[in-house]
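Enquirer: Predicted model, plus sequence, below.
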Amino acid sequence: MADQQATSLPEFSALSVMTLVSDPVRAQKLFSILGNMGVERFENASSLADAISRLSESTFDIIVADLDSDDHSALLLPETLRANTRLPAHQRPRVLWWGEYSPAVARPRRSAWLGRNAVVNDREFARVGGIDLSALECHASLARRTGLQVEITRSGGPLGLHDALTALTRQHTVKADNCIDIESLTDEEVVRAVISGDGLYVEFQPQHDLQTRDIVGAEVLAGWRHPTLGDIPSTQLFPVVRRLGLDLLLFGFMRNRVVSVLHELRARRAEVPMAVGISSQAICTPEFVQRLTSSMHGANLSPGLLKIELIDDAHTVDDLTLSTALNTLRACGFIVSLNGFGVRPAALERVARMPFDEIKIDASFVRDIENLVTCRGIVAAAIDLARLLDVGIVAEGIESEGCMTLLRRLGCRVGQGNAFSAPMSAHDFVKHVIDSRAN
């Protein structure tokens with residue numbers, strides 16, 4: 001009765017649905033469920049090639065793909081849709097993976113190495129269509145990062161399909177990674193912009209105490225407002241700047257903006273530390289530390305208000321040289337932070353051998369900790385490591401209240417992300433900090 005009530009809503013009547021099911025009996029079963037949900041327009045494709053052929057002739061809102069451990073069409077569907085250049089991004093249908101649901105169970109077994117009579121429970125993950133649900137969640141997450149919308153049935157029967165279909169129709173499209181064609185830029189354009197500062201801009205993303213929500217710092221991000229390509233974010237700009245050897249020039253541009261903002265905040269007794277990214281090669285430039293220290297003292301600002309955030313893992317300098325620079329920075333009062341922990345191959349080695357005050361968990365893990373047990377495990381391990389090493393930790397990419405709550409439970413104290421606020425201009429940031437202190 002509950003299933004019948006759940007599937008009688010008319011919200012799906014306007015959807016055009018393609019099913020991707022090779023077994024005619026299962027296809028008929030799926031047709032029956034969809035019909036009871038109010039879906040009026042649907043047709044079946046018996047193979048991936050058949051599905052692509054139908055997409056060239058008609059437009060579909062959603063493809064419900066049958067998960068089958070013997071037929072991999074459903075798993076191949078997101079990559080196939082992305083690779084289909086004849087299908088514009090805005091016309092790509094949403095994908096719903098459907099299959100028989102098996103709940104997670106704990107299976108007892110004897111463990112000889114724990115003792116003759118020792119019994120341990122091996123946890124077996126839930127499965128959909130015979131495929132590990134945790135693996136499917138990881139696959140769906142990667143597909144979403146390319147701009148596709150993907151959902152999975154997470155419980156059995158018509159109700160499970162109804163809930164997944166509802167979640168999919170309400171899912172927002174994730175902006176695809178690397179959407180700006182940075183390769184079309186000429187080196188001359190980049191050099192001219194960094195040297196002159198023309199089109200460069202700086203934004204500030206507040207960092208918050210996850211318990212009190214107080215603003216405790218900020219990350220400083222540099223971008224480039226290109227006349228034809230639009231805003232090029234720091235994640236795409238910095239690798240090009242680094243390749244061209246312009247790191248120090250960009251860092252100087254950002255430092256000057258930071259000094260100006262810190263002066264405004266100090267006048268209102270509201271200054272907070274700000275993190276500015278730089279490469280290891282730039283940090284190790286002769287006299288970098290001395291010049292930076294002099295510039296902060298000349299501005300009558302404490303070096304502790306400037307975090308130096310290492311944002312690459314390229315071994316362009318040897319460990320002893322880098323360690324010398326980092327130790328000297330800390331001795332002069334600067335805070336030293338390691339960006340991108342978890343995604344950069346050398347990050348763990350550097351944490352073990354280098355003197356960092358703080359490590360930052362990469363946003364790619366933080367965003368998915370609510371849905372992916374793998375990301376949750378990596379984040380928990382990073383927090384535990386920071387506690388053992390007695391260093392600070394910052395979580396990047398907090399997008400929801402649920403994510404924030406989970407991070408607090410795991411022991412993370414500081415974070416940043418759109419759940420608090422998106423990166424903002426210097427003027428807006430100063431106002432935001434002052435307003436937050438007033439409240």
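Expert: Arrived safely, thanks for sending. The model shown is predicted, which means the values in this text are computed figures rather than measured ones.
Enquirer: Could you list the buried residues of stretch 338-358?
Expert: Buried residues in stretch 338-358, counting neighbours by 16 or more other Cβ atoms under 10 Å, are found at 338-342, 344, 346-347, 350-351, 354, 356-358. For the C-beta atoms, the positions are set from N, CA and C on the backbone; glycine is no exception.
Enquirer: taking the mean pLDDT, what do you get for it?
Expert: The pLDDT scores in stretch 338-358 average 82.
Enquirer: what's in contact with that stretch?
Expert: Around stretch 338-358, the neighbours that count as contacts under Cβ atoms under 8 Å, 6 or more residues apart in numbering are 277, 307, 309-313, 315, 319, 322-323, 326-327, 330, 335-337, 359-362, 364-365, 378, 382, 385, 389, 391-394.
Enquirer: Now the buried members of these.
Expert: Buried members of the contacts of stretch 338-358, counted by 16+ other Cβ under 10 Å: 277, 307, 309-313, 322-323, 326, 330, 335-337, 359-362, 364-365, 378, 382, 385, 391-394.
Enquirer: Mind checking which of these are in strands?
Expert: Secondary structure assignment (DSSP state E) places 277, 307, 309-310, 335-337, 359-361, 392-394 from the buried ones among the contacts of stretch 338-358 within strands.
Enquirer: give me every residue that touches P103.
Expert: Contacts of P103 were listed using Cβ under 8 Å, 6+ apart, and they are A126.
Enquirer: Now the element after the strand or helix carrying V17, going C-ward?
Expert: Of the helices and strands defined by DSSP states H and E, V17 is found in strand 16-20. Reading on from strand 16-20 to the C-terminus, the next helix or strand found by DSSP H and E is helix 24-37.
Enquirer: Just the buried positions in that following helix, please.
Expert: Using 16+ other Cβ under 10 Å as the burial criterion, the residues of helix 24-37 that qualify are R26, A27, L30, F31, I33, L34, M37.
Enquirer: need the contact list for the first one.
Expert: The neighbourhood of R26, defined by Cβ under 8 Å, 6+ apart, consists of D66.
Enquirer: Next one: it from W98, what distance?
Expert: Applying Cβ to Cβ, to the nearest Å, the value for R26 to W98 is 9 Å.
Enquirer: Which residues are in contact with each of those two?
Expert: With contacts defined as Cβ under 8 Å, 6+ apart, the residues adjacent to both R26 and W98 are D66.
Enquirer: tell me how far the helix of greatest length in the chain is from the chain's mean position?
Expert: For the chain, the helix reaching the highest residue count under DSSP state H is reported as helix 247-267. The gap between the average C-alpha position of helix 247-267 and the chain average comes to 27 Å, counting by Cα atoms, centre = their mean, to the nearest Å.
Enquirer: now swap in stretch 221-234 and tell me
Expert: What separates the centre of stretch 221-234 from the centre of its chain is 20 Å, taken as Cα atoms, centre = their mean.
Enquirer: ditto for stretch 63-74
Expert: Chain-centre distance of stretch 63-74: 27 Å, with Cα atoms, centre = their mean.
Enquirer: what's the domain layout of the chain?
Expert: By the assignment in automatic domain parsing, the chain contains the domains 2-169, 182-438.
Enquirer: ranking those domains by mean pLDDT, which is last?
Expert: Out of those, the stretch the model trusts least by mean pLDDT is domain 2-169, with a mean of 82.
Enquirer: Run the chain-centre distance for it.
Expert: On the basis of Cα atoms, centre = their mean, the separation between the geometric centre of domain 2-169 and that of its chain is 23 Å.
Enquirer: top strand in the chain by residue count?
Expert: strand 215-226.
Enquirer: next structured bit after that one?
Expert: As assigned by DSSP H and E, the chain's next helix or strand after strand 215-226 is strand 230-232.
Enquirer: In three-state terms, label T235 for me.
Expert: Secondary structure assignment for T235 (DSSP: H, G, I helix; E, B strand; the rest coil): helix.
Enquirer: And for it, the neighbour number?
Expert: 14 (other Cβ atoms under 10 Å).
Enquirer: roughly how far apart are it and A167?
Expert: 29 Å.
Enquirer: For L210, give its distance to A419.
Expert: Here the distance between L210 and A419 works out to 10 Å (Cβ to Cβ).
Enquirer: overlap in contacts of those two?
Expert: When contacts are counted by Cβ under 8 Å, 6+ apart, the set common to L210 and A419 consists of M404.
Enquirer: of these two, who's got more company?
Expert: Just comparing L210 and A419: by other Cβ under 10 Å the higher neighbour count belongs to L210, 21 against 16.
Enquirer: Isn't the more buried one up against E401?
Expert: No - in this structure, L210 is not within contact of E401 by Cβ atoms under 8 Å, at 11.0 Å.
Enquirer: what does the longest helix of the chain contact?
Expert: Helix 247-267 is contacted from outside by 194-195, 197, 200, 202, 204, 220, 222, 238, 241, 271-272, 274, 276, 278-279, 281-282, 285, 288, 292, 295-296, 299, 301, 305-306, 426, 429-430, 433-434, using Cβ under 8 Å, 6+ apart.
Enquirer: hmm, try it at 6 Å
Expert: Residues from elsewhere that reach helix 247-267 (Cβ atoms under 6 Å, 6 or more residues apart in numbering): 194, 197, 200, 202, 220, 222, 241, 271, 274, 276, 278-279, 282, 299, 301, 305, 426, 430.
Enquirer: what do you get for stretch 376-396?
Expert: For stretch 376-396, the external contacting residues (Cβ under 6 Å, 6+ apart) are 341-342, 356, 358-361, 363, 365-366, 369, 407, 410-412, 414-416.
Enquirer: The most centrally placed residue in the chain: what's it in contact with?
Expert: Of all residues in the chain, the one closest to the mean position by Cα atoms, centre = their mean is S364, 3.0 Å from it. With Cβ under 6 Å, 6+ apart as the criterion, no residue contacts S364.
Enquirer: and stretch 38-55, which residues are buried?
Expert: Neighbour counts over stretch 38-55 (16+ other Cβ under 10 Å) mark G38, V39, F42, N44, A45, L48, A51, I52, R54, L55 as buried.
Enquirer: quick one: terminal-to-terminal distance for it?
Expert: 22 Å (Cα to Cα, to the nearest Å).
Enquirer: which other residues reach it?
Expert: Contacts with stretch 38-55, where a contact means Cβ under 6 Å, 6+ apart, come from 10, 12-13, 15-22, 27, 34, 73, 76.
Enquirer: From R387, how far out is the residue nearest to I215 when sequence neighbours are not counted?
Expert: Ranked by Cβ to Cβ, 6 or more residues apart in numbering and with sequence neighbours excluded, the top spatial neighbour of I215 is P206, at 4.8 Å. Taking Cβ to Cβ as the measure, P206 and R387 are separated by 24 Å.
Enquirer: Just the terminal-to-terminal distance for stretch 392-402.
Expert: Here the two ends of stretch 392-402 are set 22 Å apart, with distance taken as Cα to Cα.
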